[in-house]
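1. below: sequence and its predicted model.
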Amino acid sequence: MGRLSAAVIAAHPTLLPRPLPDLENDLDDHIRPASIGVFDSGVGGLSVLRKLRRRLPGASMVYVGDGAFAPYGSRPAVQILARCERIVGHLAGQGARLIVVACNTATVQAIDSLREHWPALTFVGVEPGIKPAVAVSRSGRIAVMATPATLQSARLRQLVEHHAAGASVLLQPCPGLADVIEAGELDGPALLAVLTPYCDRITQAGVDTVVLACTHYAFVTDAIRRLLGPGVTLIDTAAAVAERAANVWADADSRGALMLRAQSTGDPRTMRRLLLQCAGFESAEVEPLTL
Ligand code: DGL
């Protein structure tokens, strides 16, 4: 992917973290520029950030990767929600008014509660692309690759009931897959050891369309394509999510350079590498974050 020369990654001195805000009394955007907060359990959300950046090149964004608590996908719902609450409080304290939950697991487990608890914020989430998968499938046989927590959620069941009533849907949990990606294994033996059995099961099911229902998986589509073969279409909703976020972001400014603050509660190395290699940034400062 080509690098976008207008990119600037800069820390805003005006966007210093503050204590959790009371948003009803804390919407003074004259003090801080409003920004878009984007978060994930780790690096997966960068696959959404790179689309957002194309769509909103003049925006100010703060990205939080919660690497210290990754993977979310094998945690109970209550822990996922607690982490999301903390991160949203942190992002709101830095001036975020639109929150992009760039994680399927966090979206299906927590976005309803987040919307309820933070009514002054706007949330856009990433949901498994069951509907587009059924629309493009010729055979009516699809598979969903996701974390265990996503596949166990009530929201996933609803999506299948509403959009895939007449279809055959293989729900393929992929424990360990986000972990190897988080560790920076984007190809090679460590990735293939985890990925191959999942793809073998999908191949045996004879599906023609596979939903990548975890934002981390977008970084290993080459390996997934190789294992599944050319007859299988992969569905990734990152571009649709970026489109939705751009449509609700009233301060959209297509001029200038994106201002990004990237923060990680965990090891920053994979985030730095993906910002450079996969998201097209020319330099990448990742700030350590304790939450
Ligand atoms: N990237 C996340 C998702 O979209 C979760 C990965 C994880 O932490 O388990 O589901």
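-> Yep, it's here. Numbering: from 1, shown residues only.
2. could you pull out the strands for the stretch 1-150 of the chain?
-> Per DSSP state E, counting those that start in this stretch, the stretch 1-150 of the chain has strands spanning 8-9, 35-40, 60-65, 96-101, 122-125, 141-146. These are given in chain order.
3. lowest average pLDDT across these?
-> For the strands of the stretch 1-150 of the chain, the weakest mean pLDDT is recorded on strand 8-9, namely a mean of 32.
4. okay if I get the strands of the stretch 1-150 of the chain as JSON lines plus distance to Pro288?
-> For the C-beta atoms, the positions are set from N, CA and C on the backbone; glycine is no exception. Supplementary listing: these in JSON lines, determined by distance: least, CB to CB, whole Å:
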{"stretch": "strand 8-9", "distance to Pro288": "15"}
{"stretch": "strand 35-40", "distance to Pro288": "16"}
{"stretch": "strand 60-65", "distance to Pro288": "11"}
{"stretch": "strand 96-101", "distance to Pro288": "19"}
{"stretch": "strand 122-125", "distance to Pro288": "26"}
{"stretch": "strand 141-146", "distance to Pro288": "29"}
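5. of all those strands, which lies closest to the ligand?
-> strand 35-40 (5.0 Å; CB to the nearest ligand atom).
6. tell me which strands that closest one pairs with, and in which orientation.
-> The strands beside strand 35-40 in its sheet (DSSP bridges) come out as strand 60-65 (parallel), strand 96-101 (parallel).
7. ok so, going back, export the strands of the stretch 1-150 of the chain to TSV and tack on distance to the ligand and mean neighbour count?
-> TSV is the format used below for these (distance: least, CB to the nearest ligand atom, whole Å; neighbours: other CB atoms under 10 Å):
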stretch	distance to the ligand	mean neighbour count
strand 8-9	22	15
strand 35-40	5	28
strand 60-65	10	26
strand 96-101	9	26
strand 122-125	10	20
strand 141-146	7	25
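8. Val241: helix or strand, and which one exactly?
-> Assigned by DSSP states H and E, Val241 belongs to helix 238-248.
9. can you tell me the number of residues neighbouring Thr105?
-> Using other CB atoms under 10 Å, Thr105 has 33 other residues around it.
10. next: Pro119.
-> Counted by other CB under 10 Å, the residues lying close to Pro119 total 9.
11. kindly state the pLDDT recorded for it?
-> Reported pLDDT at Pro119 in the predicted model: 97.
12. gap between it and the ligand?
-> For Pro119, the distance to the ligand equals 25 Å [CB to the nearest ligand atom, to the nearest Å].
13. now the phi/psi pair for that residue, please.
-> Per-residue torsions, Pro119: phi -70, psi -20 (degrees, to the nearest 10).
14. look up how far Ala92 lies from it.
-> Spatial separation of Pro119 from Ala92 under the definition CB to CB, to the nearest Å is 12 Å.
15. on that earlier part again, would you mind giving the strands paired with strand 35-40 as JSON lines with distance to Gly140 added?
-> Conversion of those to JSON lines gives the following (distance: least, CB to CB, whole Å):
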{"stretch": "strand 60-65", "distance to Gly140": "37"}
{"stretch": "strand 96-101", "distance to Gly140": "30"}
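16. the strands of the stretch 1-150 of the chain: which one's closest to Met259?
-> Among those, the nearest to Met259 by CB to CB is strand 60-65 (4.3 Å).
17. ok, the residue lying closest to His216 once chain neighbours are set aside - how many residues close by?
-> For His216, the nearest residue in space outside its immediate sequence neighbours is Gly44; the separation is 3.6 Å by CB to CB, 6 or more residues apart in numbering. As a burial measure, the neighbour count of Gly44 was computed by other CB under 10 Å and equals 31.
18. can you check Ala135 too?
-> In terms of burial, Ala135 registers 11 neighbours under the definition other CB under 10 Å.
19. do you know how far Thr270 is from Val232?
-> Thr270 is 27 Å from Val232, by CB to CB.
20. which of the two has more neighbours?
-> Set side by side, Thr270 and Val232 show unequal neighbour counts under other CB under 10 Å, the larger going to Thr270 at 23 against 18.
21. check the offset of the one helix or strand that one maps to from the chain's centre.
-> With secondary structure defined by DSSP H and E, Thr270 is part of helix 269-277. A distance of 15 Å separates the centroid of the chain from that of helix 269-277, by CA atoms, centre = their mean, to the nearest Å.
22. do stretch 83-97 as well
-> Distance, centroid of stretch 83-97 to centroid of chain: 16 Å (CA atoms, centre = their mean).
23. what do you get for stretch 188-202?
-> Going by CA atoms, centre = their mean, the spacing between the C-alpha centre of stretch 188-202 and its chain's C-alpha centre is 22 Å.
24. brilliant, that's me finished.
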